[in-house]
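1. Let's see this in three dimensions:
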Amino acid sequence: MQLAGKKLGLMLSTAPEHPNLTTAVGLAEAALERGADVYLYLIDDGVRALADRRLRALPARGVKLFACAYGCQKRRIPLEDAADVTYCGLVVLTDVINGTDRFIALN
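-> Okay, the predicted model is just below:
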């Protein structure tokens, strides 16, 4: 099934040890392969997944990656000056929820 022109929003709030990270990466890859635009927002313990190489490879394939700046601060994760991730707040998460055709929260 072609998803060209469709937008998929994903939110990951669980720690990298949780199977949700593998699910998020798999969903993002599958949606990209079918032509969808993918938006991935990391929040709460999900911001710790910024250290995962699978996740960090997604922006090069077209995923728009966002991380909660407050969640990073609370977990003492430094905000990198990186082109592949945007540090932001809940307003952007709201925009992802409202601006996508499908939104999946992995909690």
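
2. alpha carbons only for contacts and neighbour counts from here, please
-> OK.

3. hang on, isn't Phe103 packed against Gly9?
-> Yes: proximity of Phe103 to Gly9 meets the contact threshold set by CA atoms under 8 Å, at 4.4 Å.

4. Can you pull the residues that touch both of these two?
-> Shared contacts of Phe103 and Gly9 (CA atoms under 8 Å, 6 or more residues apart in numbering): 96-97.

5. Between these two, which has more neighbouring residues?
-> Gly9 (24 against 18; other CA atoms under 10 Å).

6. Direction included, what does the helix or strand encompassing the more buried one pair against?
-> In this structure, Gly9 is located in strand 7-12 according to DSSP states H and E. The partner list of strand 7-12 in its sheet, established with DSSP bridges, is strand 37-42 (parallel), strand 102-106 (parallel).

7. show me what contacts the residue nearest to the spatial centre of the chain?
-> Computing the C-alpha centroid of the chain and ranking residues by CA atoms, centre = their mean puts Leu40 first, at 2.1 Å. Under the criterion of CA under 8 Å, 6+ apart, the neighbours of Leu40 are 9-12, 63-66.

8. Likewise for Val92?
-> Neighbours of Val92 in contact, by CA under 8 Å, 6+ apart: none.

9. Make residue 1 into 523 and carry on from there
-> Will do, 523 is the new start, and the previous item becomes Val614.

10. Alpha carbons only: can I get the helix or strand it falls within in CSV?
-> For Val614, the enclosing helix or strand under DSSP H and E is helix 612-621. Written as CSV, here are the backbone C-alpha positions of helix 612-621 (Å, rounded to 0.1, in the frame of the first residue of the first chain):
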residue,chain,number,x,y,z
LEU,A,612,5.0,20.1,24.0
VAL,A,613,3.7,22.7,21.5
VAL,A,614,5.6,20.7,18.8
LEU,A,615,4.2,17.5,20.0
THR,A,616,0.7,19.0,19.7
ASP,A,617,1.5,20.1,16.2
VAL,A,618,2.6,16.5,15.4
ILE,A,619,-0.6,15.1,16.8
ASN,A,620,-2.8,17.6,15.0
GLY,A,621,-0.8,17.6,11.7
